[in-house]
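S.K.: starting from these lines, generate the structure:
(2 chains)
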Amino acid sequence: MNPSVKTLVRDGLWDNNVVFAQMLALCPAMAVTTSGANGLGMGLATTAVLVTSNVLIALIRRFVSPDVRIPVFIVLIASLVTVVDMALNAWLHELYKVLGLFIALIVVNCAILGRAEAFASRNGALASFVDGLAMGIGFTFALVVIGLIREALGSGTLFAQASQLLGAQFAFLEIRLHNHGGALLMILPPGAFAVLGFLLAGKRVLEARLAARKKSSATAAPPESAPSAGT
Amino acid sequence: MNSIAYRAEQTFAAPHAHGGGGVGRTMFLVQAALVPATLFGFWLYGWPAFFLWSITLASALVCEFMCLRLMGRANAKQTLFDGSALLTGWLLAMTLPPWSPWWIGALGAFIAIVIGKQVFGGLGQNVFNPAMVARVALLISFPLQLTTWVTPLPLTAATAPGFLDGLRITLGELPLPDAMTSASLLGYAKTELSRGADLFGAFAAEAAPRLSWLGTRPGSLGESAAPLILLGGLFLLALRAIRWHAPLGVLVGVLLPAVLAHSIAPGKFLGAEAHLFSGALLLGAFFIATDYVTSPNTDTGQFIFGLGVGLLTWIIRTLGGYPEGVAFAILFMNAMTPILDRYLRPRILGRTRSGAPLQSVAIPEKKG
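M.R.: Down below sits the predicted model:
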């Protein structure tokens, strides 16, 4: 019943990644990832909500009857999002202006309700904390990767305006690849679909290759003198 | 499921006859129909046009080869040389500004073949016309390069760039002389109208682009030689490689509103002639709206498809932000194609339109 920390982390980061495997939360994953910094900001905000909501829901899961659990989860998540929304508005106002509406929309982010329903309402607070953190970091990772690719192709920069998000000491992250501008299409929604599609295809190819290698090494390991491994 | 050209000996079972055609033959015919206009374009715009054309076609073939290789297609060689990738590259090259840098052609071919076609599963599976997908993607991404038209400088002219200079222009090492860049007719009209000027004054100006049937004006390869494109279209019609419904629909769709609006307010709307011989209209009507894959299956459907393309083209040219709208119109109608096909199904042999068996041929029952 209690999944190990290693499984939880592995699931969140790769095997069951919110964007690349569950295909949830695609709206923010495509809409705000016009740059790496935007993706990072959105990912971190979502992670904060996800971790706290997971822990709180795991704590109250015994007192909430199954009939009313969804409204209760939503109210809880909505309160947390409001807190994050106001905090960003107060301390990271520049980022808030960019992410804007999408912060409020974290409420209806299916990934958060999905974790509440599928994991936190059935597991303890500690496991839910680890799960929320792993899923959140996996989501942030996906958003940053999509954002960086679109930014590099679309405007020729990497992590532009990252110092506004992380503070002035992170200005070294901001890289200008070239000065020719870029393909505007990559910043527009079709670019997001294309990048996500190619990333998903790449992940599948990679996993198929890894599985094939694992299989061939497993069949090659026994010292049998078979002329050729079955393909 | 697959799009291999079925050969005659592959057609089995009694009532079927095979015309002997196939993907390769159709693609060859369409390319043959493009040859005159392309050669004329090479003469008109010189070596850079030829280099851009070559690079676009070569890139299309390379991208097709890479995709077939990655997908592990068994009949990769046959599919690669069925001419479809070549034709896509060719059509794309016909719509690009002839003096564009090489990477416009290469990137366009990549978008057309990989994102426009192979991602969907290859020839026969694509929803949108690949050449138009690439054209629109390039136009949105690189508006500057895609709207830099040059005035014609025929190959035989003394000041035309030679072989090496032409190569350097295509490779982007030689900047275009400012005196050579010029607005296309549609672009000029759009700019003048948005300034508030009326078309009488605009076209009376010295620098205004002139409409020319022979195509000696700024434009793409597929825009310049309107009579030759028309000739190619009629050649395809005569050989029954295409049917007349879609082209007629496109022409009617553009000309009807153009004539009406021009007769009401000639100072505000371009006339029928300007619409007909500008931009990619003729190329789109005869070579792109007739794409087997992305247009409806029935004659009626194709006519409605063409009509939609024409109307949308006129609307985008007249009211939209872009001076030219053929590519957008075709993509939009490509998206409508499944709906058109759903509501305009051909009658099943031996059944009425509603699907009930035909009663008239029923064998009369014996009395008894």
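S.K.: how about the contacts made by B:A134?
M.R.: Neighbouring residues of B:A134 by C-beta atoms under 8 Å, 6 or more residues apart in numbering or on different chains: B:92, B:108-109, B:111-112, B:116. For glycine as for every other residue, the C-beta is placed from the backbone atoms N, C-alpha and C.
S.K.: show me what the lengthiest helix in chain B is packed against.
M.R.: Across chain B, the longest stretch assigned as helix under DSSP state H is helix B:47-71. With contacts taken as 3 or more C-beta pairs under 8 Å, 6 or more residues apart in numbering or on different chains; DSSP states H and E, helix B:47-71 sits against helix B:23-45, helix B:76-80, helix B:84-95, helix B:102-110, helix B:163-170.
S.K.: so B:R135 makes contact with B:A329?
M.R.: No. Judged on C-beta atoms under 8 Å, B:R135 makes no contact with B:A329 at a distance of 11.9 Å.
S.K.: right, and the secondary structure at B:R353 would be what?
M.R.: Here B:R353 is recorded as coil under DSSP: H, G, I helix; E, B strand; the rest coil.
S.K.: swap in A:V195?
M.R.: Per three-state DSSP, A:V195 ends up helix.
S.K.: and it, how many neighbours?
M.R.: By other C-beta atoms under 10 Å in any protein chain shown, the residues close to A:V195 number 21.
S.K.: ok, B:I169 - contacts?
M.R.: B:47-48, B:99, B:161, B:176.
S.K.: ok, is stretch A:156-168 in contact with chain B or not?
M.R.: No. Legend: contact between stretch A:156-168 and chain B by C-beta under 8 Å from any C-beta of the partner chain is lacking; minimum distance shown is 12.3 Å.
S.K.: list the buried residues of that stretch.
M.R.: Judged by neighbour count using 16 or more other C-beta atoms under 10 Å in any protein chain shown, the buried positions of stretch A:156-168 are A:156-166.
S.K.: ends of that stretch, how far apart?
M.R.: 21 Å (C-alpha to C-alpha, to the nearest Å).
S.K.: please state the offset of that stretch from the chain centre?
M.R.: Distance of stretch A:156-168 from the chain centroid (C-alpha atoms, centre = their mean, to the nearest Å) equals 19 Å.
S.K.: name the residues that touch it?
M.R.: By C-beta under 8 Å, 6+ apart, stretch A:156-168 touches A:35-37, A:40-41, A:92, A:94-95, A:148, A:151-152, A:169-171, A:173-182.
S.K.: nearest the geometric middle of chain A, what residue?
M.R.: A:F139 (0.6 Å; C-alpha atoms, centre = their mean).
S.K.: show me which of the contacts of B:I169 are buried.
M.R.: Buried among those (16+ other C-beta under 10 Å): B:47-48, B:99, B:161, B:176.
S.K.: now, which of these sits nearest chain A?
M.R.: B:L176 (16.4 Å; C-beta to the nearest C-beta).
S.K.: where does the nearest residue to the closest one once chain neighbours are set aside fall, phi/psi-wise?
M.R.: Of all residues not flanking B:L176 in the chain, B:W99 sits nearest, at 6.1 Å (C-beta to C-beta, 6 or more residues apart in numbering or on different chains). B:W99 adopts backbone torsions of phi -100, psi 20, taken as degrees, to the nearest 10.
S.K.: of the buried ones among the contacts of B:I169, closest to B:T352?
M.R.: Using C-beta to C-beta, B:W99 comes nearest to B:T352 of these, at 57.8 Å.
S.K.: quick check: that closest one touching B:F50?
M.R.: No. Look at B:W99 against B:F50 with C-beta under 8 Å: they stay out of range, at 11.1 Å.
S.K.: once you drop chain neighbours, what's closest to the residue of the stretch 101-250 of chain B found nearest chain A?
M.R.: At 3.7 Å from chain A, B:S141 is the closest residue in the stretch 101-250 of chain B, using C-beta to the nearest C-beta. Spatial nearest neighbour of B:S141, chain neighbours left out: A:A183 (3.7 Å); criterion: C-beta to C-beta, 6+ apart.
S.K.: pLDDT score for residue 1?
M.R.: Assuming you mean chain A. Looking at A:M1, its pLDDT stands at 52.
S.K.: wait, chain B
M.R.: Predicted confidence (pLDDT) for B:M1: 35.
S.K.: count the residues that sit near residue 141.
M.R.: In the absence of a named chain, chain A is used. 20.
S.K.: switch to chain B, that's the one I care about
M.R.: There are 25 residues near B:S141, going by other C-beta under 10 Å.
S.K.: identify the residues contacting it.
M.R.: Here B:S141 is in contact with A:182-186 (C-beta under 8 Å, 6+ apart).
S.K.: on that earlier part again, what residues sit buried inside the longest helix of chain B?
M.R.: Counting neighbours by 16+ other C-beta under 10 Å, helix B:47-71 gives B:47-53, B:55-57, B:59-65, B:67-68 as buried.
S.K.: that helix to helix B:163-170, inter-axis angle?
M.R.: 60 degrees (axes from the mean of the first three to the mean of the last three C-alpha atoms, to 10 degrees).
S.K.: how much space separates B:V252 from B:W244?
M.R.: Distance of B:V252 to B:W244, given as C-beta to C-beta, to the nearest Å: 11 Å.
S.K.: A:D15 now?
M.R.: In terms of C-beta to C-beta, A:D15 sits 56 Å off from B:W244.
S.K.: now do the contacts for A:P190.
M.R.: With C-beta under 8 Å, 6+ apart, A:P190 has these contacts: B:A137.
S.K.: quick check: it vs B:I111, distance?
M.R.: 10 Å.
S.K.: show residues contacting stretch A:121-131.
M.R.: A:1-3, A:5, A:8-9, A:11-12, A:51, A:54-55, A:57-59, A:61, A:69, A:73, A:115, A:119-120.
S.K.: just the buried subset of those, please.
M.R.: A:8-9, A:11-12, A:51, A:54-55, A:57-58, A:61, A:69, A:73, A:115, A:119-120.
S.K.: and these, which two are the farthest apart?
M.R.: Farthest pair in those, by C-beta to C-beta: A:V9 and A:R69, 26.4 Å.
S.K.: residues of the helix or strand where B:I304 lies that come out buried?
M.R.: Using DSSP states H and E, B:I304 sits within helix B:299-319. Along helix B:299-319, these residues count as buried under the neighbour rule (16+ other C-beta under 10 Å): B:301-318.
S.K.: helices or strands next to the helix or strand of chain B with the lowest mean pLDDT in the packing?
M.R.: Taking mean pLDDT, DSSP states H and E as the measure, the helix or strand of chain B with the lowest value is strand B:181-182, at a mean of 72. Judged by 3+ C-beta pairs under 8 Å, 6+ apart, the packing partners of strand B:181-182 are strand B:149-150.
S.K.: can you list contacts of the strand it packs on?
M.R.: With C-beta under 8 Å, 6+ apart, strand B:149-150 has contacts from B:45, B:97-99, B:176, B:180-184, B:187, B:218-220.
S.K.: just the buried members of the residues you listed?
M.R.: Here, 16+ other C-beta under 10 Å leaves B:45, B:97-99, B:176, B:182-184, B:187, B:218-220 buried among the contacts of strand B:149-150.
S.K.: widest-spaced pair of those?
M.R.: B:Y45 and B:G187 (17.2 Å).
S.K.: coming back round to it: can you flag which of the contacts of B:S141 belong to helices?
M.R.: A:184-186.
S.K.: what residues does chain B put near chain A?
M.R.: B:107, B:115, B:119, B:137, B:140-143.
S.K.: quick check on the residues you listed: which are buried?
M.R.: Buried among the residues of chain B next to chain A (16+ other C-beta under 10 Å): B:107, B:115, B:119, B:137, B:140-142.
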